[in-house]
Every structure is written in structure tokens, then in C-alpha cells.
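Asks: Let me see the structure of the following:
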Amino acid sequence: MSKSKELPGWAVAGIFSMLSMMPGVLVAAETTGDDPHYQYQPNSYCGACHQEQLADYSQSMMGKTPHDAVFQQFYLGENAKGEKDGMGYKGFHPDEPGDCANCHTPDVVLNEGREVDLTEAIAKGSQGISCDFCHTVADVEIKQDPKTGRFDTGITHIVTRARGNTKRGPFGDAVSPAHETVYSPLHTRSEFCAMCHLNQEHLLSISTYADWKEAYDKGVVTRQCQECHMPTGGKDRPIALGGKIRKADTIRRHLFHGGHSKAMLDKAATLKVKAEQHNGQLLVSVEVTNSGAGHTLPGGATLRNILLVVDALDASGHSLTHSGGKSETLPPLAGVGDTPRDFSGKPGRMFARPFVTREGMVPAGGFNADHELFDTRIPPRETDQSSYHFSLPGVTADVGRATQAVKVTVRLIYRWTFKPMADKKGWSLDDIEMARQELQID
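Replies: Below is the predicted model of the structure:
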């Protein structure tokens, strides 16, 4: 198979228009095997016709890799200033390539047939998780040892490619003048996403697919990853310049929204709060339900965390004394300090799965993890219940209740990494509020 040559967008669109006016002209689905001499096309080539898809992809987190600064700093063990700080893969394994490139530069790793240093992969011209890579994947095999439960997630072991001029996707009637097409049911199933969203190291450091599959097999969730993270919508339109008009509910966006999206987080959880006075105490009961995510809340990447923050204030705006003990407070991973965003020791609960090194360092990445510190993530459609106790102000023996109003505010806050790590690395970390409830106790 000869190497594809790039065509300008106007030429591709013109050819498509001419073909579409010729009755009976179809581009046949070529289903031959993988061409080892094929070279991946740049995203701009695909975007000449698939303009909406390229625009979506380019603003997604997936489209920013492998050049995303935070990812590179975590891999290289550097802070935001470019100074070596040892906090990252190369800080622990300076002479080993590691498996980060498997998912961030899969084209080069699969071409080489081995684990590749990230900087080497970039130097060799990796396109990242590109259009051409994804649409020439022919199979993803989920391999799990039935005795140990461990997965084989090496990308060179589980991914089968069909590099060449045939592009695979979710339509059985696609016609293109630029390439051949074939319908791929794989591209509509979660197994496609599992090639990267499942990573077995000493621990299962990325468990998203396994968490979803467990819930899916139980019938708790019924949707595939693509149905949430590549939603449909808008108006009827073509998916390529000059193409046929398709129904909007068949066109999946390529934004790949997840934890960085406020809109996605707003749909993920349901918060219920109840407060009552009893014997001079205020009892705040909270239920957090994973009502929208098809996997655990937060997801299966080890640094993700959600904070449940409970505030109780008197009529003057002063915090009530928390009387519930340490088990009702947030851990140091919620932020240690005196800023309004440092919640360690304050009433609340953390939902996360932080890793610990053999030496006791926390948080850890999958590459140096020895064990979990705890796992409080909420499985799909399950509810976490917790309670918080406060001493009421102005309680008199004859009344037994507070003599002034109390305001209770409960928030769910999402963070893509733990604040102490962000502080040390110099990373910008936004708190995304997922839900809030306020109660006035008179």
C-alpha cells in the first residue's frame, strides 16, 4: 500500500462533491491487514474535511497530549519552573522509559514494539492520540489472569492495528474520496477506551474501565463510555465537508469531556443534607450519591479527588465548634495551611484512592505505589452516608436548643490532583464545585 499524500482541504471537498453527484459511486471498504510501511497522517490532514471533529479534539485534554505541561512535568520529575524536584516518574526511575508513552504517544510505541521514553517518542514525531491512530485501530483485547485478577495492559500486547488508507468508525455507510471506510463496532464500545483507561502496574493504577465493566455486568449502568464522553446533539449536519446530512443524534462530539468539565461534574453526583438539633448538638447528615457517572466517583486515576466540605456558622458568621472527632474531618491531602482552600482538619470527607510508596510517601503515582492509603470512591448508583457533629451556640438548660440561627453549607468540590502535590509542583489547581446545599436552622 502506498503512502498517502496530503491534499489541500478545498481539493478534498471538491472531489467529495463530484463523487456524491455520481450515482452508484462508492468507496469500497478495504479490510486487508496492517501495513507496516504506513505513516500516520497529521491531524490537520483529517481536519481538512472533518473540521468540527478537529476543532473539538484540539480543545480536549486528549488533544493536548503529549505536549501538556503538567503531564510532562509529572513524567520528568520537574516543577512548573522546569526545576528537577524528583516528584514524578523520572525522579524514581531515571534510567527507564516507563509506560507513560504507551497511552500518550501510542503510535511510536507500537511502531517500536517496546516501551519508549516520552522525550524519545516526541522527538520521533509522535502525533499523540491522533485521529489517524484511533481510526486505524482494529481490535483491543482485554487480558486478565483469572487466578490473580491482574490485567495485561501493555499496549503492544492488547492493540491490533490496521494501518493504511482504510479508516474505521461507527458508520456503515460512510463514503469518502480521501480514504476507504469500514464499519467498526469496536469504536462504539468501551473496550476501545480500555486500551488507555486501564493500566496495571503493581496496583491497578487506572481502573476506570474495570470499574465501569463491573457495574455494566451487574446491569447497574447500561451506557458505553462513548455515550457519555462523546455526546450527540446540535443540528443535523454532515460529518465531513461535502458529506451527506446525518441526524444529530448519530454524530458524536470529540470533546472527550470528563473531570475537567463543570457540565459533566454537575451531572455526576446528587447531594442530600439534613440537619437537626439534639441535646445542645447540631447533627448534620449527608448523603452523596453517584447518580451520573458510569464508573466510580471520582474516576479511576489515582490523583483525582472530591471533597465534601461541611460548614456550620452562627448568626455572626463564626464557625461552630466541631465536636465529632477526627473521623469526621478531612485528611492532610485536602490541603494543609491557612488559606480558604486548605481543608485539612475541617469537617468533611474525601472521596479518593490515594497510593502510598513503600517508604510511606503519599500521594504516589502508579509507578512507585506499594499500597492504597484508602479507597472511598463511590461506585455507580451507590450512596455514601456520613454525619457531622457541632456544639450549638447559646444553648440554655431550660431550652436545650440554640437561641440564635445557624447556617449550614455543604459543598462537593472536585480536584484533578491533591492540593499538597499541586502546591509543591507549582501547578494551578481550580476547585470545581459540583454541588452545594444550604440550610437555615432557626
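Asks: Can you dump the C-alpha atoms of whichever strand or helix holds residue 413 in CSV for me?
Replies: If you go by DSSP states H and E, residue 413 is part of strand 406-415. Extracted C-alpha coordinates of strand 406-415, given in CSV (Å, rounded to 0.1, in the frame of the first residue of the first chain):
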residue,chain,number,x,y,z
VAL,A,406,-27.4,28.6,62.4
LYS,A,407,-26.5,28.3,58.8
VAL,A,408,-25.2,25.0,57.3
THR,A,409,-23.4,24.9,54.0
VAL,A,410,-22.4,21.6,52.4
ARG,A,411,-20.3,21.5,49.2
LEU,A,412,-18.8,18.9,46.9
ILE,A,413,-15.5,20.1,45.4
TYR,A,414,-13.6,18.3,42.6
ARG,A,415,-9.9,18.5,42.2
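Asks: Measure how buried residue 410 is and give me the count.
Replies: 24 (other C-beta atoms under 10 Å). C-beta here means a position set from N, CA and C on the backbone, and glycine is covered the same way.
Asks: wait, it sits on residue 271?
Replies: Yes: contact between residue 410 and residue 271 holds when scored by C-beta atoms under 8 Å: they sit 6.6 Å apart.
Asks: Check the contact lists of those two and give me the overlap.
Replies: Counting by C-beta atoms under 8 Å, 6 or more residues apart in numbering, the contacts common to residue 410 and residue 271 are 286, 436, 437.
Asks: Cross-reference the residues you listed with the strands and report the matches.
Replies: Mapping the shared contacts of residue 410 and residue 271 onto strands (DSSP state E) picks out 286, 436, 437.
Asks: Which one of the residues you listed is nearest to residue 373?
Replies: Nearest to residue 373 out of those is residue 286 (C-beta to C-beta; 22.1 Å).
Asks: And residue 405, what's its pLDDT?
Replies: pLDDT recorded at residue 405 is 89.
Asks: I'd guess residue 234 is in a helix, am I close?
Replies: No: assignment of residue 234 by DSSP: H, G, I helix; E, B strand; the rest coil gives coil, placing it outside any helix.
Asks: tell me which residues of whatever helix or strand residue 119 lives in are tucked away?
Replies: Under the criterion of DSSP H and E, residue 119 resides in helix 118-123. Buried residues in helix 118-123, defined by neighbour count with 16 or more other C-beta atoms under 10 Å: 118, 119, 121, 122.
Asks: In TSV, list those along with pLDDT.
Replies: Conversion of the buried residues of helix 118-123 to TSV gives the following (pLDDT from 0 to 100):
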residue	pLDDT
118	97
119	96
121	97
122	97
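Asks: Dump these to JSON lines, plus distance to residue 332.
Replies: Output for the buried residues of helix 118-123, formatted as JSON lines (distance: C-beta to C-beta, whole Å):
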{"residue": "118", "distance to residue 332": "30"}
{"residue": "119", "distance to residue 332": "33"}
{"residue": "121", "distance to residue 332": "36"}
{"residue": "122", "distance to residue 332": "35"}
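Asks: And the furthest pair within these?
Replies: Most distant of these, by C-beta to C-beta, are 119 and 121, 7.3 Å apart.
Asks: what number of residues lie near residue 107?
Replies: 23.
Asks: Check for me that it belongs to a helix.
Replies: Yes: counting by three-state DSSP, residue 107 is found in a helix.
Asks: Check it and give its pLDDT.
Replies: Residue 107 is given a pLDDT of 97.
Asks: quick revisit: what comes into contact with the helix or strand that the helix holding residue 119 is followed by?
Replies: Sequence-wise, the next helix or strand downstream of helix 118-123 (DSSP H and E) is helix 131-134. For helix 131-134, the external contacting residues (C-beta under 8 Å, 6+ apart) are 40-41, 43, 45-47, 50, 53-54, 57, 106-107, 127, 167, 187.
Asks: Following the chain onward from helix 131-134, which element is next?
Replies: Where DSSP H and E defines the elements, the next helix or strand beyond helix 131-134 is strand 137-140.
Asks: other SSEs contacting the helix or strand following that following strand?
Replies: With elements assigned by DSSP H and E, the helix or strand that comes after strand 137-140 is strand 143-144. Packing contacts for strand 143-144, counted by 3 or more C-beta pairs under 8 Å, 6 or more residues apart in numbering; DSSP states H and E, involve strand 151-152.
Asks: Strands along the stretch 301-442 of the chain, start to end?
Replies: For the stretch 301-442 of the chain, applying DSSP state E, counting those that start in this stretch gives strands covering 305-313, 348-352, 355-356, 371-372, 383-391, 406-415, 432-441.
Asks: wait, which of those is closest to residue 178?
Replies: Nearest to residue 178, of the strands of the stretch 301-442 of the chain and by C-beta to C-beta, is strand 432-441 at 39.4 Å.
Asks: Given that closest one, what are its sheet partners and their directions?
Replies: strand 406-415 (antiparallel) (DSSP bridges).
Asks: which parts of the strand it pairs with are buried?
Replies: Neighbour counts over strand 406-415 (16+ other C-beta under 10 Å) mark 406, 407, 408, 410, 411, 412, 413, 414, 415 as buried.
Asks: distance between it and the chain's centre?
Replies: 23 Å (C-alpha atoms, centre = their mean, to the nearest Å).
Asks: Run the angle between it and strand 348-352 for me.
Replies: 20 degrees (axes from the mean of the first three to the mean of the last three C-alpha atoms, to 10 degrees).
Asks: Other residues contacting strand 406-415?
Replies: Against strand 406-415 from outside (C-beta under 8 Å, 6+ apart): 259, 265, 269, 271, 273, 275, 282, 284, 286, 288, 298, 304-315, 320, 392-393, 422, 429, 431-441.
Asks: What's the mean pLDDT across stretch 65-74?
Replies: 96.
Asks: Kindly report the same for stretch 151-170.
Replies: In the prediction, stretch 151-170 has an average pLDDT of 97.
Asks: same question, stretch 248-264
Replies: 96.
Asks: Centre of the chain to that stretch, how far?
Replies: So, by C-alpha atoms, centre = their mean, the centroid of stretch 248-264 is 12 Å from its chain's centroid.
Asks: go on, stretch 286-293?
Replies: For stretch 286-293, the distance to the chain centre is 18 Å (C-alpha atoms, centre = their mean).
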